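Chemist: requesting a structural model of the entry that follows:
(one chain, ligands or ions: 1)
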Amino acid sequence: MDPVEAVRVNLSAAERRVASLAGRRTVKKEWQAAWLVRAIECIDLTTLSGDDTEGRVRRLCAKARQPLREDLQEALGLANRRITTGAICVYHRFVATAVDALKGSGIPVAAVSTGFPAGLSPFETRLKEIEASVADGAAEIDIVITREHVLRGNWQALYDEVKAFKKACGPAHMKAILATGDLQTLRNVSRASWVAMMAGSDFIKTSTGKEGINATLPVTLIMLRAIRDYREMTGHVVGYKPAGGISTAKDAMAYLALMKEELGNDWLQPNLFRFGASSLLADIERQLEHYVTGRYAAFSHHAMA
Ligand SMILES: O=C[C@H](O)COP(=O)(O)O
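Modeler: Residues are numbered from 1 along each chain as shown. Purely as a prediction, here's the structure:
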């Protein structure tokens, strides 16, 4: 736990670094369109509502297969490119439905398991939920950590928990949701990131989307630096997923710029970067339509599910 104990974070430097982002990097016209297409390919298209239904999940899967209207894709000169979202993200109950709806597409299904969003159901139940999601065909499992372990500084307990979740995932990729809005300090965010990576997480993810504060750029900076330092120390490459409240093309551009500057182009691919988002795609499609036609469509023209 030495690297975990050694973590220090300079809050004002992190805020300054993030604040300078918009002034230093502007991406316009065809470059912006290209970045937005890449953003689409990195979306975990998500529905995590109490009123989710099989019908909604099937419609979302159809959208994941064809996230950009054909005429827009053609106008962007991408008619021959197969564009899909990075994954679909659903509750365990809808994994089998999504796997069926995505058959033949190669699009993975991610399940939020382990008593999402609070992660407070019995430990054995959480392990069984992971196993059930994998058995139903989930290729990716988004686990939630026990925040109390972080708040009490019980890093060994956090490590043991995440390690057990990873084992239960078997061949499925594991994304560890840190629920950063609950962790009180950026130092805790960094320490939890280290522990989650040491315990074998394939991705670290900010939020469930249900905390009071979800993904932010300062939190992202801290998590990306942890990923970078962890790679330097161990050679292990870990992906990043900001989630919750990312709903505009402008937000997406800021995250992509930070990824590029902090970790480089390798992290601008769906194997190492995902947006967890339910409504981001609609705004990106709207911006791309504006780029192609010069007009903005109503949000309802780009309905999600
Ligand atoms: O993991 C994904 C989040 O739950 C989605 O959050 P959002 O609905 O704010 O986009």
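Chemist: C-alpha only now, for contacts and for neighbours.
Modeler: OK.
Chemist: for K241, give me its contacts.
Modeler: F203, I204, K205, T206, F273, R274, F275, G276 (Cα atoms under 8 Å, 6 or more residues apart in numbering).
Chemist: partners of it in the sheet?
Modeler: Beta-bridge partners of K241, counted by DSSP bridges, are K205.
Chemist: from K63, how far out is it?
Modeler: 20 Å (Cα to Cα, to the nearest Å).
Chemist: got the residues of the protein near the ligand?
Modeler: Proximity of the chain to the ligand, by Cα under 6 Å from any ligand atom, involves residues T46, T208, G209, A243, G244, G245, I246, G276, A277, S278, S279.
Chemist: from those, which land in strands?
Modeler: T46, G276, A277 (DSSP state E).
Chemist: so which residues of the stretch 101-250 of the chain form strands?
Modeler: 109-112, 140-144, 173-177, 203-205, 239-241 (DSSP state E, counting those that start in this stretch).
Chemist: these: which one's closest to M233?
Modeler: strand 239-241 (15.8 Å; Cα to Cα).
Chemist: what does the average pLDDT come to for the closest one?
Modeler: Taken as a whole, strand 239-241 has an average pLDDT of 98.
Chemist: same deal with stretch 147-154?
Modeler: 98.
Chemist: just the buried positions in that stretch, please.
Modeler: By 16 or more other Cα atoms under 10 Å, the buried positions in stretch 147-154 come out as R147, H149, V150.
Chemist: on that earlier part again, most neighbours of all the residues of the chain next to the ligand, which one?
Modeler: G276 (30 neighbours; other Cα atoms under 10 Å).
Chemist: helices of the stretch 151-300 of the chain, start to end?
Modeler: 155-169, 186-198, 217-234, 249-263, 280-293 (DSSP state H, counting those that start in this stretch).
Chemist: will you turn the ones you listed into a markdown table that also has mean neighbour count and distance to H301?
Modeler: A markdown table is the format used below for the helices of the stretch 151-300 of the chain (neighbours: other Cα atoms under 10 Å; distance: least, Cα to Cα, whole Å):
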| stretch | mean neighbour count | distance to H301 |
| --- | --- | --- |
| helix 155-169 | 20 | 38 |
| helix 186-198 | 24 | 38 |
| helix 217-234 | 18 | 30 |
| helix 249-263 | 18 | 16 |
| helix 280-293 | 21 | 8 |
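Chemist: and the ones you listed as a markdown table, adding distance to S133?
Modeler: Listed next are the helices of the stretch 151-300 of the chain as a markdown table, based on distance: least, Cα to Cα, whole Å:
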| stretch | distance to S133 |
| --- | --- |
| helix 155-169 | 9 |
| helix 186-198 | 21 |
| helix 217-234 | 27 |
| helix 249-263 | 29 |
| helix 280-293 | 25 |
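Chemist: out of these, flag the one nearest N10.
Modeler: It's helix 186-198; of those, that one is closest to N10 (Cα to Cα) at 8.6 Å.
Chemist: and which of the contacts of K241 is nearest to A14?
Modeler: Nearest to A14, judged by Cα to Cα, of these is T206 at 16.3 Å.
Chemist: quick one: contacts for that closest one?
Modeler: Here T206 is in contact with I177, L178, A179, T180, N214, A215, V219, T220, K241, P242, A243 (Cα under 8 Å, 6+ apart).
Chemist: give me the low-pLDDT residue ranges for this protein?
Modeler: 25, 299, 302-305 (pLDDT under 70).
Chemist: change it to 90
Modeler: 1-3, 5, 19-30, 294-305 (pLDDT under 90).
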